[in-house]
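Peer 1: Would you be able to build a 3D model of this:
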Amino acid sequence: MASLYGNLVVILFFVSPTMHSHLFAHASTSSPPITRKRITFLTGLGIENDSNDYEDHTSPPKLVPSVRNPRLFSESAFCLYDPCLENQEPCEVLREKTGCLCPGRTGEDTTPHAPRIQALLPITEGEDTGKIEVQWCAPNSVVNSYRVTIEGTADVTKEFGEESRRGLVGYLEVGTKVCVEAKNKAGHSSPTDFSCTRYERPESSDHKLLAGAIGGGVAFILLLTIIAVVLCRRQMCQKAKRESVTGLGNPSYKSERPS
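Peer 2: Numbering: from 1, shown residues only. Here you go, the predicted model:
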């Protein structure tokens, strides 16, 4: 019996280290490893790592600033074309030469827009002295000719070419209405507030000079009158003061003593 117990003790002595190591290895493999979570911080510039929680320090990614490429716009300028001047190259010709921009305009098969009157100016020199020059600006339409009409003279009209921007008419009375119409194959424009105006005689420089002289003379006379009134009142005040002083010194003003 004693030998049986001894054999068991010897067997446990050799087996126990093996079981201990086996149990330890099994425990180490079955239990999950203890790890620490990674903490990241988001900022406006990028991602930053918490370097204190890692043994493996990794540098944050480098941020490359974005480069904004400028957008290039190829804008064409408007053509140097004035619709109020004569003897110019058409805007379409300038566009073909330089690539500039022309304002849109209606075609030949559309009734043109009305032109705009700039001025009614009387001629003061030469053989046309006394006549009226009508000046206008072309509309944004295809125009073949212009026609100037005068109020009260339906039979008297003046025709001018498509490149014209001015024309002479006869003598006009003050208040006469003058209109300019644009014409093409589709018809003619309708009168508007800016294509018609009434003639008003401009003031000449002589009249302005005369009016200025008269105004200056009236102002001078008024100034002299004011000065004369001021001086007269001043003299009257001084005279009254002298008379009052003289009256106080006259013995006749003293009261007589009773006898």
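
Peer 1: only C-alpha atoms for contact and neighbour calcs from this point on.
Peer 2: Noted.

Peer 1: Which element is encountered next along the chain beyond the lowest-mean-pLDDT helix or strand in the chain?
Peer 2: Least confident helix or strand, the chain: strand 47-49 with a mean of 47, by mean pLDDT, DSSP states H and E. For strand 47-49, the following helix or strand on the C-terminal side (DSSP states H and E) is helix 91-98.

Peer 1: Show residues contacting that next one.
Peer 2: Cys79, Tyr81, Cys100, Leu101, Cys102 (Cα atoms under 8 Å, 6 or more residues apart in numbering).

Peer 1: Let me see the contact set for Gly187.
Peer 2: Thr110, Thr111, Pro112.

Peer 1: And Leu120, by the same measure?
Peer 2: Counted by Cα under 8 Å, 6+ apart, Leu120 has contacts Ile132, Glu133, Val134, Gln135, Tyr199.

Peer 1: and the nearest residue to the first one once chain neighbours are set aside, how many neighbours does it have?
Peer 2: Nearest in space to Ile132, with sequence neighbours left out and distances taken as Cα to Cα, 6 or more residues apart in numbering, is Pro122 at 4.4 Å. Other residues near Pro122 number 22, with proximity taken as other Cα atoms under 10 Å.

Peer 1: what's the answer for Val148, then?
Peer 2: 20.

Peer 1: Within the helices and strands, which one has it?
Peer 2: Counting by DSSP H and E, Val148 is part of strand 145-150.

Peer 1: low pLDDT regions in the stretch 101-250 of the chain?
Peer 2: 154-156, 203-210, 245-250 (pLDDT under 70).

Peer 1: One more pass at 90, please.
Peer 2: 103-105, 124-126, 128, 130, 151-157, 170-173, 201-225, 227-250 (pLDDT under 90).

Peer 1: Mind listing the strands the host helix or strand of Ile117 pairs with, and their directions?
Peer 2: If you go by DSSP H and E, Ile117 is part of strand 116-122. Paired strands of strand 116-122, with direction, are strand 132-137 (antiparallel) (DSSP bridges).

Peer 1: who touches the partner strand?
Peer 2: 83-85, 115-123, 165-172, 180.

Peer 1: now the residues you listed: which count as buried?
Peer 2: 83-84, 115-118, 120-122, 165-169, 172, 180 (16 or more other Cα atoms under 10 Å).

Peer 1: And the residues you listed, which two are furthest apart?
Peer 2: Greatest spatial distance among the buried ones among the contacts of strand 132-137 (Cα to Cα): Pro83 and Leu172, at 26.2 Å.
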